[in-house]
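A.B. asks: Need the 3D shape of this:
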Amino acid sequence: DGIIALDVSGDIDGPAADILKLFKETSLKDILGAGADTWQSSGNYSANINLAMPLVSGAAPIINITGELHDVDLEKSDANLQFTKLRGDIAYTTQNGLSSKNIAGNFWGRKFQADIKTLDQKTLVNIKGSIEMIEMQQWLQQPVLGFAVGTAQVEGQLQIAGEDNGGVQLAIRSTMKGVAIDLPEPFFKAREEKMPFEANIGLATASIPVTLSLGDLAKMSLFTSSANEDFRAIVVVGGGQVAGLPEVGMELTGSVNNVLLDDWLSVIDRYEQFTKVAKEAESEAASPASNPVFIDDLKVGELNAFG
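C.D. replies: Okay, here's the model as predicted:
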């Protein structure tokens, strides 16, 4: 278009942390917004960089970067989220943002594949792999997940954007085949059965908002935090929508057709054991928050008590 530009090109090979700095400390920070501020990286990155810098005031440079990750570790420490041994091609262009079609690595200690794309100023990382339920339980520090045991294939999406554009979020979906749920009917699930599971986890702050759903059987909304804060959660069974969280503890509401009281008293005992183990695993520097359970407007079709 007749604009004089300075073209710069070259190869770089160095720490991945230096590349991450570009998205934190230069004009490229607008791509990931504040979503990149709490990420740290280690490992190496090699790339070819081409810059076209118009010699006109106010004109933006045109950037093309094609590179490769070499055993890169990426961590969001405030959310205890880690991706390790990342390998594969990754690119950035002014027109298309960040992109990749063949990233591989480990997530929660298990292998996964990923692709990356940029859409509406959001960086979207689509993930396929597997998850061990105990790893999710330990990460979210939620005893209620202790009733699910096994490993399942999952698909997920990590969104990285500024707070005014959705922030940092992780969404996970699975059929739960390979996971057993050891609860009374109608929540019991054999390992080879399929049951739709979804988790949506906000990662923008230290207090992590989480929503979990198990088909139409149950929905759960909670806040989890490594800080010394009161645990808050609500579980809605039998359909229905999740309302606001209680001020403290876990609230159980909704409807269920049939309840065998002896079975559910055993569940409460086991939940208390899971809670005790979770508390023992917490940092000694913080006093464990209490997890009282309240029942509010739970409709029961038939109650069988004491045999």
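
A.B. asks: C-alpha only now, for contacts and for neighbours.
C.D. replies: Will do.

A.B. asks: low-confidence ranges in the stretch 1-150 of the chain?
C.D. replies: 1-2, 27-36 (pLDDT under 70).

A.B. asks: the helices in it, which residues?
C.D. replies: 16-25, 29-32, 133-140 (DSSP state H, counting those that start in this stretch).

A.B. asks: separation between residue 265 and residue 186?
C.D. replies: 16 Å (C-alpha to C-alpha, to the nearest Å).

A.B. asks: do residue 8 as well
C.D. replies: 64 Å.

A.B. asks: Now residue 267: closest residue in space that isn't a chain neighbour?
C.D. replies: Of all residues not flanking residue 267 in the chain, residue 183 sits nearest, at 7.2 Å (C-alpha to C-alpha, 6 or more residues apart in numbering).

A.B. asks: That neighbour reaches residue 145, doesn't it?
C.D. replies: No. Using C-alpha atoms under 8 Å as the test, residue 183 is too far from residue 145 to be in contact (11.1 Å).

A.B. asks: Out of those two, name the residue with the larger neighbour count.
C.D. replies: The residue with more neighbours, out of residue 183 and residue 145, is residue 145; 18 against 15, by other C-alpha atoms under 10 Å.

A.B. asks: List the contacts of the closest residue in space to the more buried one that isn't next to it in sequence.
C.D. replies: Closest residue to residue 145 apart from its sequence neighbours, by C-alpha to C-alpha, 6+ apart: residue 137 at 5.4 Å. Contacts for residue 137 (C-alpha atoms under 8 Å, 6 or more residues apart in numbering) come out as 143, 145, 146.

A.B. asks: Give me whichever of the helices of the stretch 1-150 of the chain is most buried.
C.D. replies: Burial of the helices of the stretch 1-150 of the chain is given as mean neighbour count (mean count of other C-alpha atoms under 10 Å); helix 29-32 ranks first at a mean of 20.

A.B. asks: before we move on, the earlier item: I'd like the distance between the residue nearest to residue 145 and residue 15.
C.D. replies: 33 Å.

A.B. asks: quick one: contacts of the strand or helix carrying residue 300?
C.D. replies: Residue 300 is part of strand 293-304, with elements assigned from DSSP states H and E. Applying C-alpha under 8 Å, 6+ apart, the contact partners of strand 293-304 are 249-261.

A.B. asks: can you redo those residues as CSV with neighbour count?
C.D. replies: Listed next are those as CSV, based on neighbours: other C-alpha atoms under 10 Å:
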residue, neighbour count
249, 18
250, 22
251, 21
252, 17
253, 20
254, 21
255, 18
256, 18
257, 12
258, 15
259, 17
260, 15
261, 14
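
A.B. asks: Let's see which of those end up in helices.
C.D. replies: residue 261 (DSSP state H).

A.B. asks: want to try JSON lines for the contacts of strand 293-304, with distance to residue 295 as columns?
C.D. replies: Formatted as JSON lines, those follow (distance: C-alpha to C-alpha, whole Å):
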{"residue": "249", "distance to residue 295": "11"}
{"residue": "250", "distance to residue 295": "9"}
{"residue": "251", "distance to residue 295": "6"}
{"residue": "252", "distance to residue 295": "5"}
{"residue": "253", "distance to residue 295": "6"}
{"residue": "254", "distance to residue 295": "10"}
{"residue": "255", "distance to residue 295": "11"}
{"residue": "256", "distance to residue 295": "13"}
{"residue": "257", "distance to residue 295": "16"}
{"residue": "258", "distance to residue 295": "16"}
{"residue": "259", "distance to residue 295": "14"}
{"residue": "260", "distance to residue 295": "16"}
{"residue": "261", "distance to residue 295": "14"}
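
A.B. asks: Can you flag which of the contacts of strand 293-304 belong to strands?
C.D. replies: 249, 250, 251, 252, 253, 254, 255, 256, 257, 258, 259, 260 (DSSP state E).

A.B. asks: For the last one, which residues are in contact?
C.D. replies: Residues in contact with residue 260, defined by C-alpha under 8 Å, 6+ apart, are 303, 304, 305.

A.B. asks: and the second one, how many neighbours?
C.D. replies: So the one you mean is residue 304. Quick note: residue 304 (other C-alpha under 10 Å) scores 11 neighbours.

A.B. asks: Model confidence for it, exactly?
C.D. replies: Listed pLDDT for residue 304 reads 79.

A.B. asks: Could you measure from it over to residue 297?
C.D. replies: Distance from residue 304 to residue 297, by C-alpha to C-alpha: 18 Å.

A.B. asks: now the first one
C.D. replies: Distance check for residue 303 against residue 297: by C-alpha to C-alpha, it reads 15 Å.

A.B. asks: same question, residue 65
C.D. replies: Relative to residue 297, and taking C-alpha to C-alpha, residue 65 is found at 57 Å.

A.B. asks: Which one of these two is surrounded by more residues?
C.D. replies: Under the criterion of other C-alpha under 10 Å, the comparison of residue 65 against residue 297 puts residue 65 first, with 19 against 11.
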